[in-house]
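**Q** have a look; sequence and predicted model below, questions after that.
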Amino acid sequence: MRFIVCVKQVPDTTEVKIDPETNTLIREGVPSILNPFDQFALEEAIKIKQEGDEIIVISMGPPQAKKALLKCLALGADKAILLSDRIFAGADTWATSYTLTRCIKKIGDFNIIFCGLQAIDGDTAQVGPEIAAQLGIPQITYCESVEKLEGKKLTAKVQTDDGYKIVETRLPILITGITPSSFEPTNPPMMSIMKANKKPFSTWDANELGGSKDNYGLNGSLTEVIKVYSPPARQQGVVIDEETAETAVQKLIDLLSKDKVI
Amino acid sequence: MINVDKEKCTGCELCEKACPFGAITIVEKIAVIGDECTLCGACVDQCNVGAITIQRKKIEDIDLSRYQDIWIVAEIKDDKVRNVSFELLGKAKELADELKQKVCVLLLGDNVKKFAQDFSNRGANRIYIAEHEALKDYYTETYSSVVTGIISKYKPNIVLYPATINGRDLAPRVAATLELGLTADCTGLSIHDGLLLQTRPAFGGNIMADIICPATRPQMATVRPNVMEMASIQDSNNAEIIDIPVNIDLQGVKVKTKEVISETASECGIPVCEADTIVSGGRGVGSKENFKLIEDLAKVLNAAVGASRAAVDLGWIPKSQQVGQSGTTVSPKIYIACGISGTIQHLVGMKSSDIIIAINKDPEATIFNVANYGIVGDLCEVVPLLTKALKKKLCED
Amino acid sequence: MSIKFTEEQEMIRESVREFAQSKIAPIALQMEETKEIPRDVVKGMAELGLMTCTADEKYGGAGLDAVSAGVIAEELAKADCTGSTCVYYLVPASWGFLLNKYGTEEAKQEIFPKTVSGEWFLGIATTESDAGSDVGATKTTIKPDGDGFVVNGEKMYISGVREAVTHGGGHITIAHQTPERGTRGMTTFYLPLTAEGITPTYIDDLGREGISCGGFSIDNVKIPKHYILGEENKGFYILHEGYEYARALISVICASAGLKSLENGMNYIKERKSFGKPLAQYQEINFRLAEHYTKLNMLRDLGYKALKTIDLEQAGKVGRFETSNIVAQAKMFCSDWACEAINDVMQWQGAFGYSRECPDQAAWRAVRSFSLAEGTKEIMKMIVARELLGKKQY
């Protein structure tokens, strides 16, 4: 079987801080990491991989995104392809999924496509389903774990609004994962890190993918970001630190009434 | 492409600071844009001298005027209209008024015609009903093919979906099939030069982006629950009802549900994603038994019980109640965090709440940085007192 | 210009950091009480490939070079204020390097899979009650005996004795084989601490409580011939390569522990107010901060330079003596400078700095040991002076 995992290198948004004076992002020292949701997707693929199966990770990004792909190789992927070209820049979810779909079609003969729920920098969760639609294959979103893979029959546990459901499907399928809270990302061991650079790695540009250049990047994007700004700073809150819990609670109730919260 | 006008650039470094991706460096007093650039435009807005421009493809003159009206795709769950549907309706009416177009509701499901009244009462102008027993349960294949077909036929100007689990599964599928732009998880919508201006948080809530969809119709967005005002009930009740014949069967459904497991604890009846008010507990609650305190407070406020990842991992409360980046992202009117220190992953999932109240015994806890009101104290003492006081207060009112 | 790390080294850093910050940092001070590294932490370190990471891939190791080994040491030191896991890592890494280079195929096949898996400990035991830095004064002897050798003597102030006795493993040891030839008659070998004739004793030392300190008497212990490292009677020279590896790692560990402590201190002095202004505004304090920060960064660079030199030596690009010299420079002040910095951080924090709850006091006690371990600073001065002035002592 051939599994293709779509990953993204993202700024570690949990490390982002806001300059309280200018209310803008302080990006200094914010490291670029493998999108944590994508690592879960990759590890699900590794979990069900059997002898003879192949895992290919693909990513669209600048040349520096090689680092995220190397981590995937160290974690157990067999091959990596970086889609890198200046004309890919500025892609919205449609153009991104178009690019990744071209790549997946070029690789061909796939059985399962894995994606993370969403990227922590964009939080859209759209690229996975958009790839599935463009490939014309069914999708399972919010998948918490792939329970079983027997022949071409796959069973998965899927999150719902108030619990879970177990779904069954036949391959090919695209799965987007919802990382369960019990998931502990694997730290790649030293031996695998040393082997990662020896695994097949290719970089493909727009010529390699073919298709109309008008569909890539900013030109191919159907949506257009017209303004990016910092959210209004939250007003400094009131912290009540009283001698007794009674006075503290009373003070809170008074404040809530005064501010018409209740 | 992005261009820096070397004549205009003063090397002031404003753009360098504004770039969320660290793609700009100043070399010999000129901004140089590196490979990391995603063309997000943050630098363009910052530049005081207009030295940076992003060149876009010219939009061909296509006739977009054939696309009319503001549509919402309603979501029905457990034989009830989800509140988010009325929130979408409320916003859609505002947009329709401004554009002088109609507000339409698309109702999909089995035996859903009875809900038309609810939307009509709340001011919908037209209600499209696609009823079929095959639409009883949500399946990506059936719903997306029906919605795709209807959109192609009726050509709405704008379509809004709820950013729920189903909405986030359906909307991108439809968008990609019809080659339409789609903006995810909007927290604000307005009309700007006749176009739908979609506002959404990104970068873990650290930046906001305004997005338009200039060249394709309909303009589509998913909208985060609990952000918009629900459409109020009015006297009007004259919506036009249009039945859409649906010819579909479950043959085409490739992903079949085998088993449904509902995990929401009975006490916390309301799902966190729907609730107006959420009372959440974290590690500081101390034990599964103590979660009773949180539930009691929630009951008084008619609120959902939420939890941090720590409390879920400790097995005190089901995963379905988890708020945060790996759980549910919520934005209720009131969020009460009890014994939650405020890890960044939790904050991302709740910080767009209108009012945040934090109770924590550690005065240094990060949660106080985002809280509108905070009490430093032991929650085992504070929460029962607060429950009592609120009960009294709400009875008086 | 600091050292440029390779893609692999950056990945190693990220992987070890994630592990150490989540699995070691939260329990670091706890190890001071329980006096052991929890076995699941050891298992985690092994699964990550940290234990004897210098062993070749064919023995299950990662075949890491010295700079990569240094990156691991730096991250462990940042996470573990007690230094326990640093020692538990650096000793097998350094002496695994020596075993990998000079051990017999049979010994490597036998020992490495067990140390890589985290089950066995691989230590170093040269110190005796009357012989420390002066290795020539060693009293332990090794004599041919039938197919193998027999060892007699005693070793003291040895790290990881309890671990090797309890879970298996042993120590690289040196003894006189041809006493009349002095240091030219010494042999280096692997001594299993589970062998018959080994009797351990334990010493309560001052810091890095998670790893044991002790000694053992060696009473007619028989070892097979394949446990000898390199040639018989030439053990004194190869031993130094192991020492230098450990010394270079120690200098990076000291720099890292000191810088981590300064970070703690910086957070504190920015917040803590005295006489109406933050401590950080007092020149007495912020000048000290600047001095320590500068010295520790110099130390870090020098530590990595030493590790790089070791790698270059393995590639045949620099000679033995150049390595000894640079390593000795890196090790000379590592403990002093880190101790001075941490001592100041403790001072800034007032009474809290002197309490057992304060991570910095644990770091101070750990770092203090490195002024002695694997060669005292006095020996480092001797080495550098000798390299400058020549063999003839002035």
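**A** Right, received. Where do you want to start? Owing to the predicted nature of the structure, the values given are computational and were not obtained by experimental measurement.

**Q** near chain A at all, the strand or helix carrying B:Glu141?
**A** B:Glu141 is part of helix B:140-154 when elements are defined by DSSP states H and E. Yes: on the criterion Cβ under 8 Å from any Cβ of the partner chain, helix B:140-154 is in touch with chain A at B:140-141, B:144. For the C-beta atoms, the positions are set from N, CA and C on the backbone; glycine is no exception.

**Q** what is the neighbour count of residue 133?
**A** Chain wasn't specified; assuming chain A. 25 (other Cβ atoms under 10 Å in any protein chain shown).

**Q** actually it's chain B I care about, not the one you picked
**A** Using other Cβ under 10 Å: B:Glu133 sits among 13 other residues.

**Q** what residues are up against it?
**A** By Cβ atoms under 8 Å, 6 or more residues apart in numbering or on different chains, the contact set of B:Glu133 is B:Asp110.

**Q** dump the residue contacts of C:Ala93.
**A** Applying Cβ under 8 Å, 6+ apart to C:Ala93 gives the contacts C:50, C:52-54, C:64, C:69, C:72-73, C:245, C:249.

**Q** restricting to those, which residues neighbour chain A?
**A** C:50, C:53, C:64, C:72.

**Q** how about the host helix or strand of C:Ile269: buried residues?
**A** Assigning secondary structure by DSSP H and E places C:Ile269 in helix C:235-271. Within helix C:235-271, the residues scored as buried using 16 or more other Cβ atoms under 10 Å in any protein chain shown are C:235-236, C:238-262, C:264-266, C:268-269.

**Q** and it, does that touch chain B?
**A** No: on the criterion Cβ under 8 Å from any Cβ, helix C:235-271 is out of touch with chain B, staying 9.4 Å away.

**Q** following that helix, which helix or strand shows up next?
**A** strand C:273-274.

**Q** give me the contacts around that following strand.
**A** C:279, C:282.

**Q** what's the mean pLDDT across that strand?
**A** Mean pLDDT, strand C:273-274: 84.

**Q** ok, stretch A:53-60 next?
**A** In this model, stretch A:53-60 carries a mean pLDDT of 97.

**Q** in the stretch 101-250 of chain C, what residue lies closest to chain A?
**A** Going by Cβ to the nearest Cβ, chain A is nearest to C:Val116 of the stretch 101-250 of chain C, at 9.0 Å.

**Q** that residue against C:Glu57, yeah?
**A** No: using Cβ atoms under 8 Å, C:Val116 is not in contact with C:Glu57; the gap is 10.3 Å.

**Q** which of these two has more neighbours?
**A** Applying other Cβ under 10 Å to C:Val116 and C:Glu57 shows that C:Val116 carries more neighbours, namely 24 against 11.

**Q** helix, strand, or coil at A:Thr186?
**A** Counting by DSSP: H, G, I helix; E, B strand; the rest coil, the backbone at A:Thr186 sits in coil.

**Q** next one: phi and psi at it?
**A** Dihedral angles of A:Thr186 (phi, psi; degrees, to the nearest 10) stand at phi -70, psi 140.

**Q** that older thread, do whichever helix or strand comes after the helix holding B:Glu141 and chain A meet?
**A** Using DSSP H and E, the next helix or strand after helix B:140-154 towards the C-terminus is strand B:158-162. No: shown here: strand B:158-162 not in contact with chain A (Cβ under 8 Å from any Cβ), separated by at least 11.0 Å.

**Q** list of residues touching strand B:158-162?
**A** Residues from elsewhere that reach strand B:158-162 (Cβ under 8 Å, 6+ apart): B:69-73, B:75, B:82, B:84-85, B:87-88, B:91-92, B:95, B:151, B:167, B:170-171, B:189, B:196, B:218-223, B:225.

**Q** quick one on the thing from earlier: which residue is the nearest non-sequential neighbour of the residue of the stretch 101-250 of chain C closest to chain A?
**A** C:Gly60 (4.2 Å; Cβ to Cβ, 6 or more residues apart in numbering or on different chains).

**Q** next one, pLDDT for that neighbour please.
**A** The per-residue pLDDT reported for C:Gly60 equals 94.

**Q** assign a three-state SS to the closest residue to chain A within the stretch 1-150 of chain C, would you?
**A** Of all residues in the stretch 1-150 of chain C, C:Gly49 sits closest to chain A, at 3.2 Å by Cβ to the nearest Cβ. Using three-state DSSP, the secondary structure recorded for C:Gly49 is coil.

**Q** tell me who's in contact with it.
**A** A:189-192, C:61-62, C:116.

**Q** residues contacting the residue nearest to it when sequence neighbours are not counted?
**A** The shortest distance from C:Gly49 to any residue other than its chain neighbours is 3.2 Å, reached at A:Met190 (Cβ to Cβ, 6+ apart). Residues in contact with A:Met190, defined by Cβ under 8 Å, 6+ apart, are C:12, C:15, C:48-50, C:53, C:62, C:64, C:68, C:72.

**Q** quick revisit: the residue nearest to C:Val116: how many residues sit nearby?
**A** C:Gly60 has 18 neighbouring residues, counting by other Cβ under 10 Å.

**Q** torsion angles phi and psi at it?
**A** Per-residue torsions, C:Gly60: phi 100, psi -10 (degrees, to the nearest 10).

**Q** give me phi/psi at A:Gly133?
**A** Check again: residue A:133 is Ala, not Gly. Taking degrees, to the nearest 10 as the convention, A:Ala133 sits at phi -60, psi -40.

**Q** next secondary structure after the helix or strand A:Lys195 falls within?
**A** Per DSSP H and E, A:Lys195 falls inside helix A:190-196. Toward the C-terminus, helix A:190-196 is succeeded by strand A:201-204 as the next helix or strand (DSSP H and E).

**Q** rewinding a little: and chain C, which of the residues of helix B:140-154 next to chain A reach it?
**A** When the residues of helix B:140-154 next to chain A are checked against chain C using Cβ under 8 Å from any Cβ, none falls in range.

**Q** reformat those residues as CSV; add neighbour count.
**A** CSV is the format used below for these (neighbours: other Cβ atoms under 10 Å in any protein chain shown):
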residue, neighbour count
B:Thr140, 21
B:Glu141, 17
B:Ser144, 23
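
**Q** so, low pLDDT: which residues of the stretch 1-150 of chain B?
**A** Residues of the stretch 1-150 of chain B that meet the criterion pLDDT under 70 lie in B:56-62.

**Q** no wait, the stretch 251-394 of chain C
**A** Within the stretch 251-394 of chain C, the segments meeting pLDDT under 70 span C:392-394.

**Q** strands of that one, residue ranges please.
**A** Assigned by DSSP state E, counting those that start in this stretch, the strands in the stretch 251-394 of chain C fall at C:273-274, C:277-278.

**Q** the ones you listed: which one's closest to A:Val158?
**A** Evaluated over these, closeness to A:Val158 peaks at strand C:277-278, with 52.3 Å, by Cβ to Cβ.
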